[in-house]
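1. Here's my sequence, what's the structure:
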Amino acid sequence: ESEWLAGLKKQAANSPDQAFNLGEWLLRNQGATNALDWLDTLPDSVRTNQPVPLVVSDATIALKDWGGLLACVEKSEWGESDILKLALESL
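-> Residues are numbered from 1 along each chain as shown. Okay, here's the model as predicted:
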């Protein structure tokens, strides 16, 4: 892993918005497993707050990890996106 990417990961670990953006980039460029591996290292205060659960959901769907998707949906704050939460639960 490059120093540049490691620096981005460290910086993004403190901000749900930055973590979401980097998580989406990792998902597109390094795959769902690598994205989830990094997202799993985030503090709960970042990982469970929007918009991070959206990228976690995308990655777990890509892996067809339905148990992981349900766990993400159940322990995350969805606020105004509760309708999306319900749709993901039904998936």
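
2. List the contacts of the residue nearest the centre of the chain.
-> With distances taken as CA atoms, centre = their mean, the chain has V56 as the residue nearest its mean C-alpha position (2.8 Å). With contacts defined as CB atoms under 8 Å, 6 or more residues apart in numbering, V56 is in contact with 23, 36, 39, 47, 72, 76. Bear in mind the C-beta positions are built from the backbone N, C-alpha and C, glycine included.

3. Can you tell me the element it falls in?
-> In the assignment (DSSP states H and E), V56 maps to helix 52-62.

4. all helices in the protein, in order from the N-terminus.
-> 3-12, 16-30, 32-39, 44-47, 52-62, 66-75, 82-90 (DSSP state H).

5. circling back: any idea how far D17 is from the residue nearest to the centre of the chain?
-> If you measure V56 against D17 using CB to CB, to the nearest Å, the figure is 14 Å.

6. Check V55 too.
-> Taking CB to CB, one finds V55 at 11 Å from D17.

7. So which of those two has more stuff around it?
-> Taking neighbours as other CB atoms under 10 Å, V55 and D17 compare with V55 leading, 23 against 13.

8. count of residues packed around the nearest residue to the more buried one once chain neighbours are set aside?
-> Of all residues not flanking V55 in the chain, G23 sits nearest, at 3.8 Å (CB to CB, 6 or more residues apart in numbering). Residues near G23, counting by other CB under 10 Å, number 26.
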